[in-house]
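Asker: here is my input, please return the structure:
(chains A, B, C and D)
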Number of protein chains: 2
Amino acid sequence: MSTTRELFQTMTRRFGFLNKNCCTVGGVDISLTQSHILYEIDRQHNPSMQQIADTLGMDITTFSRQIGTLVKMKLVKKTPSPEDRRVYILSLTTEGKFVATTIDTEMNNNLDEIFSHMNDFEKETVLRSIQLLNESMAKSSKCCTTPIG
Amino acid sequence: MSTTRELFQTMTRRFGFLNKNCCTVGGVDISLTQSHILYEIDRQHNPSMQQIADTLGMDITTFSRQIGTLVKMKLVKKTPSPEDRRVYILSLTTEGKFVATTIDTEMNNNLDEIFSHMNDFEKETVLRSIQLLNESMAKSSKCCTTPIG
DNA sequence: GAATAATACTTGCAAATCGCAAATATTACA
DNA sequence: TGTAATATTTGCGATTTGCAAGTATTATTC
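Answerer: Numbers count the residues shown, from 1 in each chain, chains lettered A, B, ... in the order given. Model (predicted):
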């Protein structure tokens, strides 16, 4: 007999553990935060710094520094926007792309393994449930957006 | 068209945001980590330090210090175990219990609000899906357990 | 069109957090 | 009894954090 929160807490914690074992690709060692940054840069279209920071709910100053080290590691490239010279457009270098893709594949494999303990119907139901959940969270104005801090 | 990982990433991030806006109860200000610690102490039965640290996937030394500050804040009590004098049993003080309960209620309210955008059938399906997912993750030996580090 | 406000990003700084290595104390095992 | 294993704490240096303040650029307003 679990409360709703308990279910969520367990799930997100376990997924978090999954994410944590991510972060050595080839010779490169990155942190969990950095893996999330790479993921979002890869996913979004010509994102600015502010955009990614917002998506991840990170303070822009912390983010700026993280990008700094990722640039030093040659995983990320910062290109000044031609339209607005205050803005930097972020993109992945070839190596950054490789790291991101490797982690992504690994994560999807892990998820596959988890779903292998279900039958096809269950798997479909679960995936559609998560989709539904995401839509409901998006609708909810009260919550689930970037935190204040 | 999202990959499985994308669905999970979105969901856990949003739930994370929900968790982040948690942490001022009465006059007391606590961090996200501390809120998770209180939650687990409340949930488990006479847990030891090591137990909670393991559940949360935290390094025991970091955990020890966190407990130190929570004890100073009078939210947590450490009682030496009568059976094994190496271990400390953790429990919540009255105030700690109050803080934990307040956060828990708040979180469940937020989740209710999210589910209010679904009909009863959808809600049931989603909840059972998460339960199923948690069971599958528990079965998976390869993943989802405490990370190595 | 000059002054002012708003935005995007960076840097200084001090606090919090982190995890490894090593220490202590206790219990389990041989 | 001696040795190994376990639970917890402390030293320490590295990393991460976020606020305040700074620079540079664009938008607004009068």
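
Asker: sketch out the low-pLDDT regions of chain A for me.
Answerer: Within chain A, the set of residues satisfying pLDDT under 70 comprises A:1, A:142-143, A:147-149.

Asker: give me the element the residue most central in space within it is part of.
Answerer: The centroid of chain A falls nearest to A:H36 when counting by C-alpha atoms, centre = their mean (3.8 Å). Per DSSP states H and E, A:H36 falls inside helix A:32-43.

Asker: so which elements touch the next helix or strand after that helix?
Answerer: Later in the chain than helix A:32-43, the nearest helix or strand by DSSP H and E is helix A:49-56. Judged by 3 or more C-beta pairs under 8 Å, 6 or more residues apart in numbering or on different chains; DSSP states H and E, the packing partners of helix A:49-56 are helix A:32-43, helix A:60-72, strand A:88-92. Heads up, the C-betas are built off the backbone N, CA and C, glycines and all.

Asker: Three-state assignment for A:S141, please.
Answerer: Three-state call for A:S141 (DSSP: H, G, I helix; E, B strand; the rest coil): coil.

Asker: for chain A, longest helix please?
Answerer: helix A:94-115 (DSSP state H).

Asker: and that one, is it in reach of chain B?
Answerer: Yes - Helix A:94-115 lies within reach of chain B by C-beta under 8 Å from any C-beta of the partner chain, at A:D104, A:M107, A:N108, A:N110, A:L111, A:D112, A:E113, A:I114, A:F115.

Asker: for stretch A:8-21, same thing?
Answerer: Yes - Stretch A:8-21 is in contact with chain B by C-beta under 8 Å from any C-beta, via A:8-18, A:20-21.

Asker: just the closest of the residues you listed to DNA strand C, please.
Answerer: Closest approach between the residues of stretch A:8-21 next to chain B and DNA strand C, by C-beta to the nearest atom of the strand: A:K20, at 8.5 Å.

Asker: return the residues of chain A in contact with DNA strand D.
Answerer: A:31, A:33-34, A:58-59, A:61-62, A:65-66, A:69, A:84-86, A:149 (C-beta under 7 Å from any atom of the strand).

Asker: give the contact list for A:D54.
Answerer: A:T146 (C-beta atoms under 8 Å, 6 or more residues apart in numbering or on different chains).

Asker: skip the chain neighbours and tell me the closest residue to A:T4.
Answerer: B:L111 (4.7 Å; C-beta to C-beta, 6 or more residues apart in numbering or on different chains).
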